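Chemist: Sequence first, then the predicted structure, then my questions.
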Amino acid sequence: MKIYGITKIRNEEKIIQETLDHWGKICTGGIIVVDDKSDDKTVEICKAHPAVKEVIEVAEWDFDRERAEWHLRQLGLEGAQSLANKDDWFCYFDADERLYFDD
């Protein structure tokens, strides 16, 4: 069993390296990143990270945010599903979220 990470991001260059470092230890199958039209170095950082399997970039900013949120999350899920086997798990996280285990 593998765990695949899915994250939707926009302009996270200040925290995305640490985010991917953290989740890369948990997401044994890799991370799918959906970028919501960042205009900083977020995409470049993600593409260079060894835990990232794919960066999905949108062509333009969608001002209908309800539609955009659903669509972008669906793109991430479909990307992860294309890599996963039937017993694998998915973990969706935001760039500012962390998961800690109490020993």
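Modeler: Yep, that arrived. Residues are numbered from 1 along each chain as shown.

Chemist: contacts, neighbours, all on C-alpha from now
Modeler: Will do.

Chemist: I'd like the mean pLDDT over stretch 81-91, please.
Modeler: Per-residue pLDDT values over stretch 81-91 give a mean of 96.

Chemist: Point out where this protein drops to low pLDDT.
Modeler: 103 (pLDDT under 70).

Chemist: all strands of it, in order?
Modeler: Per DSSP state E, the chain carries strands over the ranges 3-9, 30-35, 52-57, 89-92.

Chemist: Most tightly packed of those strands?
Modeler: strand 30-35 (a mean of 26; mean count of other Cα atoms under 10 Å).

Chemist: Pairing partners for that one, with directions?
Modeler: If you go by DSSP bridges, strand 30-35 pairs up with strand 3-9 (parallel), strand 52-57 (parallel).

Chemist: Tell me which residues are up against the longest one.
Modeler: Same thing as strand 3-9. Around strand 3-9, the neighbours that count as contacts under Cα atoms under 8 Å, 6 or more residues apart in numbering are 23, 26-36, 38, 72-73, 76-77, 80, 84, 88-95.

Chemist: what angle do the longest helix along the chain and strand 3-9 make?
Modeler: Across the chain, the longest stretch assigned as helix under DSSP state H is helix 65-83. Computed by axes from the mean of the first three to the mean of the last three Cα atoms, to 10 degrees, the angle separating helix 65-83 from strand 3-9 equals 150 degrees.
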